[in-house]
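**Q** sequence plus predicted model, see below.
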Amino acid sequence: MASHNPLLAGLTGRCPNCGEGHLFEGFLRVAPRCEACGFDLAKADSGDGPAVFVILIAGFIVAFGALFTEFALHPPVWVHLVLWLPATLVISLLLLRPLKGIMLAAQFANKASEARSDD
């Protein structure tokens, strides 16, 4: 079996262990096990990390676009609402799944699930 990049596998929604099985069942629900290698995916938890990155990236794109549009074209407020509210929704939905996959794969690559707090 050829070596694979776990981050690229996470980006494409594949198992970070083998790169073949599905990482998600549904839109954002993590599969309990990889159907290809049997790797336990249930212990992976990305928390709020993907949402933070989505907010920062989508916010930058939409704010830059809205400011550029305002200074270049001076449209009425309703044009901004029609343009940038749907753009925010679409950009956020497009980014959320790949970023969650990358966060989960980064946990796998750095063995973050093996951290313990026995203090």
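**A** Right, received. Where do you want to start? Numbering: from 1, shown residues only.
**Q** so where's the longest helix in the chain?
**A** helix 77-109 (DSSP state H).
**Q** in that helix, what's buried?
**A** 84, 88, 91-92, 95-97, 99-108 (16 or more other Cβ atoms under 10 Å). For the C-beta atoms, the positions are set from N, CA and C on the backbone; glycine is no exception.
**Q** tell me the pLDDT at Ala112?
**A** Note on Ala112: pLDDT of 80.
**Q** what is the neighbour count of it?
**A** Number of residues near Ala112 (other Cβ atoms under 10 Å) recorded here: 13.
**Q** geometric centre of the chain: which residue is closest?
**A** Leu99 (1.8 Å; Cα atoms, centre = their mean).
**Q** identify the residue spatially nearest to it, adjacent ones excluded.
**A** Among residues not flanking Leu99 along the chain, Pro50 sits closest, at 4.2 Å (Cβ to Cβ, 6 or more residues apart in numbering).
**Q** surely the one you found forms part of a helix?
**A** Yes. Under DSSP: H, G, I helix; E, B strand; the rest coil, Pro50 sits within a helix.
**Q** against Ala105, how distant is it?
**A** Distance of Pro50 to Ala105, given as Cβ to Cβ, to the nearest Å: 12 Å.
**Q** go ahead and confirm Leu28 touches Leu96.
**A** Yes. Counting by Cβ atoms under 8 Å, Leu28 touches Leu96, with 6.8 Å between them.
**Q** for the helix or strand harbouring Phe60, buried residues please.
**A** Element membership of Phe60 [criterion: DSSP states H and E] is helix 49-73. By neighbour count on 16+ other Cβ under 10 Å, the buried set for helix 49-73 is Gly49, Pro50, Phe53, Val54, Ala58, Val62, Gly65, Ala66.
**Q** residue ranges in the protein under the pLDDT threshold?
**A** For the chain, the stretches flagged by pLDDT under 70 are 1-2, 113-119.
**Q** number of residues surrounding Gly10?
**A** Gly10: 27 surrounding residues under other Cβ under 10 Å.
**Q** the helix or strand containing it packs against which elements?
**A** Element membership for Gly10 (DSSP H and E) is helix 6-11. Counting contacts by 3 or more Cβ pairs under 8 Å, 6 or more residues apart in numbering; DSSP states H and E, helix 6-11 is packed against helix 77-109.
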